[in-house]
Every structure is written in structure tokens, then in C-alpha cells.
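Participant: my questions are about this predicted structure, shown below with the sequence.
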Amino acid sequence: MSTNRIEGAARKAAGSVKQAAGRLVGNERLQAEGAAEKAAGALQNAAGKVQDAVGNAIKK
């Protein structure tokens, strides 16, 4: 499994927590940072999935 998938999932989770915390305290900036981090994590995770798919295709 690609490290990008692991790091992306962790980053996405951290962004979700940050976004929820921002919502809870009414901090729009924290909420926006969390949303951005969540999106970046999702992209990183997707890149890791592509890496895994390419690696698996090469092994076949």
C-alpha cells in the first residue's frame, strides 16, 4: 500500500476534526482550514490509489 494513501487518510481525518472544531466554536477560519486540509488529504489518498493500481498492473 502506498504511503500516500496512509498519509492522505490521516490528513483527511485531521481536516475533518479541525473543520468540526471550527464549526463548534464558530471559527470560520479554522473551519475553512479544516475543509482545505480534508480536500488535500482526499487528493493525496487518490494519488496513492493510482500508485497502487499502477504498481499492481506492473506486477501482473
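Facilitator: Sure thing, it's come through.
Participant: CA atoms for contacts and neighbours, from now on please.
Facilitator: Noted.
Participant: what about the helices in this structure?
Facilitator: Using DSSP state H, the helices of the chain run over 3-25, 28-59.
Participant: could you list every helix and strand that the shortest one packs against?
Facilitator: Contact analysis of helix 3-25 by 3 or more CA pairs under 8 Å, 6 or more residues apart in numbering; DSSP states H and E lists helix 28-59 as its packing neighbours.
Participant: does residue 52 touch residue 6 like I think?
Facilitator: No. Using CA atoms under 8 Å, residue 52 makes no contact with residue 6, being 11.8 Å away.
Participant: now render the helices of the chain as CSV, adding mean neighbour count and mean pLDDT.
Facilitator: Listed next are those as CSV, based on neighbours: other CA atoms under 10 Å; pLDDT from 0 to 100:
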stretch, mean neighbour count, mean pLDDT
helix 3-25, 18, 96
helix 28-59, 17, 94
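Participant: can you pull the contacts of residue 1?
Facilitator: Counting by CA atoms under 8 Å, 6 or more residues apart in numbering, residue 1 touches 48, 52.
Participant: model confidence for it, exactly?
Facilitator: Residue 1 carries a pLDDT score of 80 in this model.
Participant: any idea how far it lies from residue 54?
Facilitator: For residue 1, the distance to residue 54 (CA to CA, to the nearest Å) stands at 12 Å.
Participant: again, but for residue 23
Facilitator: Distance from residue 23 to residue 54, by CA to CA: 39 Å.
Participant: one more: residue 35?
Facilitator: 29 Å.
Participant: contacts only, for the one residue sitting closest to the centre of the chain.
Facilitator: Computing the C-alpha centroid of the chain and ranking residues by CA atoms, centre = their mean puts residue 41 first, at 1.6 Å. The contact partners of residue 41, taken as CA under 8 Å, 6+ apart, are 7-13, 15.
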